[in-house]
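Participant: Provided below are the primary sequence and the corresponding predicted coordinates.
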Amino acid sequence: MILAGRVAVNGEVVRALGTKADPARDVITVDGERVGGAQQRRVIMLHKPRGVVTTVHDPEGRETVRGLLAGVDERVYPVGRLDVQTTGLLLLTNDGALAARLGHPRWAIDRVYRAKVDGRFDEATLTRLRRGVRLPDGKVRPSSARVVRQLPTKTWLELAVHEGRRHIVRRLFEALGHPVDKLARVALGPLHLGGLAPGAWRDLTPQELERLEAAVGLRPAPRPRAAAAVARGPRGRGTPPRTPPPRPGGPRPRGRHGGRSASPAGRETAAGPGPRPRRP
């Protein structure tokens, strides 16, 4: 069955014998039909505080992000990681397909961070950051970078990266000679942390989930709403006309073919007979 390509894990066909998958975490399908793991789907946004580890179990006995989800019975797992000293937006879910897409470099999901670094950031260093910095495991080029606030001996910056390499933001600033003092993730793709308090969590709204799935190709992108002028229907009875009437003594409005329109009394003019006025 596996060698025949009939089994898929998180949307990817599996052909290697011995491949492991967790039915509670991964979406496993045979001939397109899901097997195992019948539980309610949950996608949760958590504001991870400092000092909490991004795992469901810690052998050292430290507080974990799973321990913050009071009242959540489903087995949800973190999507990616934030190191123990980094705060901010973290997703937890039992949707294996969504988690796999969010972590795959193909979809280039931006992770937006606010960083407080040592020293003052001059224009030359900011330009170097925007052009990319080479690290031992490869070059890193942020999607965007800007200075938010300059302090006497510190600088607040905001930058976006779409890679999930370990400690990538801290290593990036370290290479520039500006070690990170504080670091928080404030956005992930179309999702924003907003006013969610540290340690608090909430389920994504249907609208947020729709935008997130569209960002990783799990559903078509939502269509923009049509302009009101396009969808405008016939004018109802008793509503004012869309074209204001002419001012007394001013020029009469032009007809459809360039001539003068009918007079208020309905007389013929240079454009021909005027339209019969509608009775209210």
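Facilitator: Structure received. Keep in mind that this is a model prediction, so the values were computed, not measured.
Participant: May I have stretch 168-175 as CSV, with CA atoms only?
Facilitator: Output of stretch 168-175 as CSV, limited to C-alpha atoms (Å, rounded to 0.1, in the frame of the first residue of the first chain):
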residue,chain,number,x,y,z
ILE,A,168,18.0,33.1,13.3
VAL,A,169,17.1,36.6,14.5
ARG,A,170,19.5,36.6,17.5
ARG,A,171,22.3,35.3,15.3
LEU,A,172,21.6,37.9,12.7
PHE,A,173,22.0,40.8,15.0
GLU,A,174,25.0,39.2,16.8
ALA,A,175,26.7,39.0,13.4
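Participant: In that stretch, which residues are buried?
Facilitator: Ile168, Val169, Arg170, Arg171, Leu172, Phe173 (16 or more other CB atoms under 10 Å). Quick note: C-beta positions are derived from backbone N, CA and C, even for glycine.
Participant: tell me which element the fourth one is part of?
Facilitator: Right, the one you point to is Arg171. Assigned by DSSP states H and E, Arg171 belongs to helix 168-175.
Participant: for Asp181, same thing?
Facilitator: In this assignment (DSSP H and E), Asp181 forms part of strand 180-188.
Participant: ok, back up a step: by contact count, what packs against the helix holding Arg171?
Facilitator: The contact analysis (3 or more CB pairs under 8 Å, 6 or more residues apart in numbering; DSSP states H and E) places helix 168-175 against strand 111-118, strand 133-135, strand 154-161, strand 180-188.
Participant: OK, contacts around the most centrally placed residue in the chain?
Facilitator: Geometric centre of the chain, nearest residue: Pro190, 0.9 Å, by CA atoms, centre = their mean. With contact set as CB atoms under 8 Å, 6 or more residues apart in numbering, Pro190 has these partners: Glu208, Arg211, Leu212, Ala215.
Participant: Let me know how buried Asp58 is, in neighbour terms.
Facilitator: As a burial measure, Asp58 scores 16 neighbours (other CB atoms under 10 Å).
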